[in-house]
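Trainee: give me a 3D structure for the following:
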Amino acid sequence: MKNLAMFALCLSLAAASIVLGQTRTRRQPSIKGGAAKPAAAKKAPAIKKTNPGAEEPSSGPPPPPPTVSDEEILIDTNLVTTPVTVLDRDGRFIPGLQKKDFKIFEDGVPQRVTHFLSEEQPFTVILMIDISPSTRYSIDDIRYAAVTFVNQLRPEDKVMVVNFDRQVRVMTEPTNDKKALFTAIYRSQFGSGTSLYEAVDAAINMDFVQSPGRKAVVIFTDGVDTTSRQATYESTVSAVEEVDALVYPIRYNTQVKTDQASKGTPPRDLPANLLAQLGRGQTDIEYETGRRYLNTIAESSGGRIFDAESIANLESAFKGVADELRQQYAVGYYPDDTGKPGDRKKIKIEVIGRPKAVVRSKTTYVIKGEPSPGPISGQSGN
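Mentor: Next up, the predicted model:
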């Protein structure tokens, strides 16, 4: 009987241990420094996550590519692009060219064309109007021609109107509202002095000129500067070389009209300070310097200069600018020799199999940074 009681006691103890084993809470192993991580998370990612905390998708399309590193961004800054206009000997645009039709040379060394664009794109134009005393006798013609230019643009093209005398004034931000543009053009009243160099410097340093996209600077002027203090002939030529905006000076010769006026009685409605201004910037040397300057910034940018002696010439000049802005290619390359800040590089572009084609493009550029000492290439041969 005693043995039977001991056997019953052992059975009850065994049953209790089984029940306790099934109801006891299991303890996770402790990990120093925080909660346990899955094995896959121990592998360091190749690129830092730009959106930490976001859950990885279990299905669906792959996530967008990661943000590039600083080193890769710096490589992109080496891309050199330039608008290219290709004409036949009669001045007609040659359409249908492809990437393989272009050859690029930098400092005489062939480069591989990596960037090409041929379709028409909207463009933005800074329309700069010289309202200095020398334009006093031509302001109505200039306004009329500027309106004619605006009327030739497509609905998607934009224009910013800027006028300048001693000061530079933005009359309207880039817009395709023709009513606003016409109002801005006719609000341009002649003033005092001519800060042409400062006006060019202000235009090419505007934000949208520094950003990608098709853009141009059209300057209505006689080319004579009399009052610039913060910018010079040389500094603005170098600055034009650093941007990919085309510059189209429309040189309206005010010398003849001013000479004729100076031989007679000065107009009574001119204030005394403007009469004094008319005596400055009127010599043959100053006009020749102005002509040379406008030629240089046009050539350095890939644009061209238009000479206008009459209202008919002005209309023709503006039509030429509008046509060229529509009918362009854009080519680019990564230079084999990246150079250093301040280096000036020469560009030559050829069209394969078309020896008689006239190619207009940027002829030089300066690597951004402090310029190296030396003469401005655009002034050679003066």
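Trainee: tell me the helix or strand right after the lowest-mean-pLDDT helix or strand in the chain.
Mentor: Every helix and strand in the chain was compared by mean pLDDT, DSSP states H and E; the lowest is helix 70-76, with a mean of 32. Downstream of helix 70-76, the first helix or strand assigned by DSSP states H and E is strand 80-87.
Trainee: elements contacting that following strand?
Mentor: Using 3 or more C-beta pairs under 8 Å, 6 or more residues apart in numbering; DSSP states H and E as the contact test, the elements touching strand 80-87 are strand 329-333, strand 344-351, strand 358-361. (Glycine included, C-beta is placed from N, CA and C.)
Trainee: quick check: buried residues in the longest one?
Mentor: Of all the residues in strand 344-351, those buried under the rule 16 or more other C-beta atoms under 10 Å are Arg344, Lys345, Ile347, Ile349, Val351.
Trainee: can I get those residues in a markdown table including distance to Lys215?
Mentor: Shown next, in a markdown table, are the buried residues of strand 344-351 (distance: C-beta to C-beta, whole Å):
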| residue | distance to Lys215 |
| --- | --- |
| Arg344 | 22 |
| Lys345 | 21 |
| Ile347 | 19 |
| Ile349 | 20 |
| Val351 | 24 |
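Trainee: closest to Val161 out of those?
Mentor: Ile347 (31.2 Å; C-beta to C-beta).
Trainee: hang on, the closest one packs against Ser361?
Mentor: Yes. Using C-beta atoms under 8 Å, Ile347 is in contact with Ser361, at 6.9 Å.
Trainee: need the residues touching each of these two.
Mentor: Thr82 (C-beta atoms under 8 Å, 6 or more residues apart in numbering).
Trainee: dump stretch 230-240 to CSV, restricted to CA.
Mentor: Extracted C-alpha coordinates of stretch 230-240, given in CSV (Å, rounded to 0.1, in the frame of the first residue of the first chain):
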residue,chain,number,x,y,z
GLN,A,230,31.3,97.7,-61.5
ALA,A,231,31.9,95.9,-64.8
THR,A,232,34.3,96.3,-67.7
TYR,A,233,34.9,95.3,-71.4
GLU,A,234,37.2,92.4,-70.3
SER,A,235,35.2,91.1,-67.3
THR,A,236,31.9,90.8,-69.3
VAL,A,237,33.6,89.1,-72.2
SER,A,238,35.0,86.5,-69.8
ALA,A,239,31.6,86.2,-68.1
VAL,A,240,29.8,85.6,-71.5
